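*Asks:* need the 3D shape of this:
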Amino acid sequence: MTNSTLPTANEARGFYGTSTIRLAIRTLPESFDRSRIVTVIETIEQELCDGGVCASATADSFTIEIAVRTDQLLDTAKVLTELELI
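*Replies:* Have a look, this model is predicted:
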């Protein structure tokens, strides 16, 4: 068995950490209706879930915040790129 198949200490304890991604609402692509921000958040969360990412999104007047497990950042970036959000 090689070291690459062994979990890291954090994985063994079930700790991955959380990362937050912030998106400016004013820069959303036109395919997203900025006046229906709840729908935008639900769409982002659903697309991330479909992409295998457990995420939670919230918004204030200026930004959408997406909280994801740090070990899922690569998958998150892939989905957000496909949605043209990054």
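
*Asks:* where does this protein dip in pLDDT?
*Replies:* 1-15 (pLDDT under 70).

*Asks:* helices of that one, start to end?
*Replies:* Here the chain has its helices, by DSSP state H, at 9-13, 37-50, 73-82.

*Asks:* can you redo these as JSON lines with distance to residue 20 and mean neighbour count?
*Replies:* All C-beta atoms are positioned from the backbone trio N, CA, C, and that covers glycine. Formatted as JSON lines, the helices of the chain follow (distance: least, C-beta to C-beta, whole Å; neighbours: other C-beta atoms under 10 Å):
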{"stretch": "helix 9-13", "distance to residue 20": "18", "mean neighbour count": "10"}
{"stretch": "helix 37-50", "distance to residue 20": "13", "mean neighbour count": "15"}
{"stretch": "helix 73-82", "distance to residue 20": "11", "mean neighbour count": "16"}
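
*Asks:* in JSON lines, list those along with distance to residue 19.
*Replies:* JSON lines is the format used below for those (distance: least, C-beta to C-beta, whole Å):
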{"stretch": "helix 9-13", "distance to residue 19": "14"}
{"stretch": "helix 37-50", "distance to residue 19": "13"}
{"stretch": "helix 73-82", "distance to residue 19": "6"}
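
*Asks:* looking at those helices, which is nearest to residue 56?
*Replies:* helix 37-50 (7.1 Å; C-beta to C-beta).

*Asks:* what angle separates the closest one from helix 73-82?
*Replies:* Helix 37-50 and helix 73-82 are oriented at 130 degrees to each other (axes from the mean of the first three to the mean of the last three C-alpha atoms, to 10 degrees).
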